[in-house]
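K.L.:
Fold the stuff below for me.
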Amino acid sequence: MRDRMFSDDTSLHRASNFGNGVHSDPNISANAMSPDVLHEYKMRNSSASPFDSSRISGEGSPMTMSPWNRTTASSPFTKSPFTPFEENLPKNGLIGSLIREEGHIYSLAATRDLLYTGSDSKNIRVWKNLKEYTGFKSNSGLVKAIVISGEKLFTGHQDGKIRVWRVSTKDPKVHKRAGTLPTLMDIFKYSVKPKNYVQVRKQKTLWIRHSDAVSCLSLSEDKKLLYSASWDRTLKVWRVETSKCIESIHAHDDAVNSVVASVEGLLYTGAADGTVKVWKKEQSGKIIKHSLVQTLLKQESAVTALAVSASGSIVYCGSSDGLVNFWERETQLSHGGVLKGHRLAVLCLAAAGNLVFSGSADKTICVWRREGVMHTCLSVLAGHTGPVKCLAVEEDREPSLRGDRRWIVYSGSLDKSVKVWGVSEQAPELTPMSMHSHTPKFITDADSLPPDGSYSSSSRPGKDRRH
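P.N.:
This next block holds a predicted model:
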């Protein structure tokens, strides 16, 4: 499986027409950089936090260059890097690509040995051991978010609905539709009373319904609550056991692009209005409410992605300006610094162990290692030919000969593929010699915008706001 290689981008797509296989990708190399790239590598560094001009960003943030790795017909055919993982240097690299020519990949979720992928094709595909395992179809369009809770699967859609799926106990390949949030019964019940309607833009709608795309989903730490956020600027709270909406909050002044639940009842939201907000769950008997406790960020650039470390100690925020800000919870969520590794918008973030991953419209993924509040760039994973829209991370269950902690990283892109990467926390720091030798391709914003117009916002024309 890993010995199949293609000399250019077009052969990769031709091969996929014969089946939904996993392909090795020659577009990753570990050769020396060209003089131009090397010069830019030396010139670029992390900038100071905008909150404290005297503080070095990230307390020593790393090199920030996003490499370009588009091969052309005249590019030399590089040696395959897919020797056994333990023998590779650097250790972080591509395992393979999951390709099914049916739509741009907008959402991912991984659990145990299964990977779920959502696209604008209405299909949700399930992959196992790097092969297509099964799939099921939704009646709506684009699948923008997927979260998993035991045998239940929640998907958020462009049509403003949340769909619930259940894995069959008789056949794990079968996923049955278990309902929609809000339920038809609740819609009928609430629609009777005028007080249950709220004004959203120029129309009235039930407060339990999203009136625009569901952009993101997150489960509470105990898996009892589901949080959904939308381009309608609201945050809604659902009780998983009853499928009922128990709270709706007008959270932001523009489209909400990300929501992440963390430890001790904390919840984080980020939006196209350039803010990151912190919410706290408060419970009195059976009544649950969320109150705003802090606004971490106010900026012109849209907030496009959020991630929180497993312990809840650090909060990361990606923006349309290509920066990743972070805050430290141990110091009352004080600003820790800025990670600069991308030339275009950061579209997705994921945190695992001591690592954080940032995917971008510049078609690359930066791998950052955290030691305290210091962040070092271990790798820039390049190989996608479109913006990296979503990430999912699972710990590698196979034992490492060196005893280091390793992760399997899945990246979904608007190039209609999912790439699978092997990443080690002990990989060497990024150096010029570990970068790519291909001639840089300068990417324009127009080249990297998604086809669904999801970055436009009527309130701020000309800005890439919605995610």
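K.L.:
so Gly337 sits right up against Phe326, yeah?
P.N.:
Yes. Using CB atoms under 8 Å, Gly337 is in contact with Phe326, at 6.3 Å. The way it works is simple: take the backbone N, C-alpha and C, and place the C-beta from them, glycine included.
K.L.:
how about low-confidence regions in the chain?
P.N.:
Residues of the chain that meet the criterion pLDDT under 70 lie in 1-91, 401-403, 429-465, 467.
K.L.:
Please, where are all the helices along this structure?
P.N.:
Along the chain, counting by DSSP state H, helices occupy 9-16, 35-43, 184-191, 445-448.
K.L.:
Grab the longest strand from the chain for me.
P.N.:
Ranked by number of residues, the top strand in the chain under DSSP state E is strand 287-298.
K.L.:
Sheet partners, orientation included, of it?
P.N.:
Strand 287-298 has its sheet partners listed here by DSSP bridges as strand 275-284 (antiparallel).
K.L.:
Buried residues, the strand it pairs with. List them.
P.N.:
275-279, 281 (16 or more other CB atoms under 10 Å).
K.L.:
next one: stretch 367-376
P.N.:
367-370, 373-376.
K.L.:
starting at the chain centroid, how far to it?
P.N.:
In terms of CA atoms, centre = their mean, to the nearest Å, the centre of stretch 367-376 is set 19 Å apart from its chain centre.
K.L.:
so how far does it reach from one end to the other?
P.N.:
8 Å (CA to CA, to the nearest Å).
K.L.:
again with stretch 206-217
P.N.:
End-to-end distance of stretch 206-217 (CA to CA): 20 Å.
K.L.:
cool, stretch 252-261 as well?
P.N.:
By CA to CA, one end of stretch 252-261 lies 17 Å from the other end.
K.L.:
ok, which stretches of the stretch 151-300 of the chain are strands?
P.N.:
Using DSSP state E, counting those that start in this stretch, the strands assigned to the stretch 151-300 of the chain run over residues 152-157, 162-167, 175-181, 197-200, 203-206, 214-219, 225-230, 234-239, 244-250, 256-261, 266-271, 275-284, 287-298.
K.L.:
which helices and strands sit right next to the third one?
P.N.:
Translated: strand 175-181. Using 3 or more CB pairs under 8 Å, 6 or more residues apart in numbering; DSSP states H and E, the elements in contact with strand 175-181 are strand 152-157, strand 162-167.
K.L.:
Repeat that for the fifth one.
P.N.:
Identification of packing neighbours for strand 203-206 by 3+ CB pairs under 8 Å, 6+ apart yields helix 184-191, strand 197-200.
K.L.:
could I get those as CSV with distance to Glu330 and mean neighbour count?
P.N.:
What follows is the helices and strands packed on strand 203-206, written out as CSV (distance: least, CB to CB, whole Å; neighbours: other CB atoms under 10 Å):
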stretch, distance to Glu330, mean neighbour count
helix 184-191, 41, 13
strand 197-200, 38, 14
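K.L.:
Tally up the residues packed near Gly285, please.
P.N.:
5 (other CB atoms under 10 Å).
K.L.:
The one 10 residues further on too?
P.N.:
For Thr295, the count of nearby residues is 10 (other CB under 10 Å).
K.L.:
out of everything not next to it in sequence, what's closest to it?
P.N.:
Closest residue to Thr295 apart from its sequence neighbours, by CB to CB, 6 or more residues apart in numbering: Lys277 at 5.3 Å.
K.L.:
Could you pull up the contacting residues of the closest residue in space to Asp396 that isn't next to it in sequence?
P.N.:
Distances taken as CB to CB, 6+ apart put Arg406 closest to Asp396, at 4.0 Å, once the chain neighbours are dropped. For Arg406, the contacting residues are 85, 91, 395-396, 398, 400, 422-425, by CB atoms under 8 Å, 6 or more residues apart in numbering.
K.L.:
change it to 6 Å
P.N.:
Arg406 sits next to 396, 400, 424 when contact means CB atoms under 6 Å, 6 or more residues apart in numbering.
K.L.:
The first one contacts Arg405, correct?
P.N.:
No. Using CB atoms under 6 Å, Asp396 makes no contact with Arg405, being 8.2 Å away.
K.L.:
how close does the nearest residue to Ser138 once chain neighbours are set aside get to Val143?
P.N.:
Nearest residue to Ser138 in three dimensions, chain neighbours excluded: Lys122, at 5.3 Å (CB to CB, 6+ apart). To Val143, Lys122 is 8 Å away according to CB to CB, to the nearest Å.
K.L.:
do Gly135 as well
P.N.:
12 Å.
K.L.:
Same check on Asp404?
P.N.:
35 Å.
K.L.:
Between the two, point out the one with more neighbours.
P.N.:
Counting neighbours by other CB under 10 Å for Asp404 and for Val143 shows that Val143 has the greater number, 27 against 13.
K.L.:
wait, doesn't Ser413 sit right on Leu391?
P.N.:
No. If you go by CB under 6 Å, Ser413 and Leu391 don't touch, sitting 10.3 Å apart.
K.L.:
Of the buried residues of strand 275-284, which is the nearest to Ala310?
P.N.:
Val278 (17.9 Å; CB to CB).
K.L.:
my read: the closest one touches Val293, true?
P.N.:
Yes. Using CB under 6 Å as the test, Val278 is close enough to Val293 to be in contact (5.2 Å).
K.L.:
So what's the residue count around Lys202?
P.N.:
5.
K.L.:
Kindly report the same for Gln426.
P.N.:
By other CB under 10 Å, neighbour count at Gln426 equals 14.
K.L.:
how about it, what does it touch?
P.N.:
Counted by CB under 6 Å, 6+ apart, Gln426 has contacts Asp404.
K.L.:
Ramachandran angles for it?
P.N.:
The phi and psi torsions at Gln426 (degrees, to the nearest 10) take the values phi -100, psi 10.
K.L.:
Compute the distance between it and Asp404, please.
P.N.:
Distance from Gln426 to Asp404, by CB to CB: 4 Å.
K.L.:
do the same with Ala261
P.N.:
Counting by CB to CB, the gap from Ala261 to Asp404 is 29 Å.
K.L.:
neighbours around Ser262, how many?
P.N.:
Counted with other CB under 10 Å, Ser262 comes out at 21.
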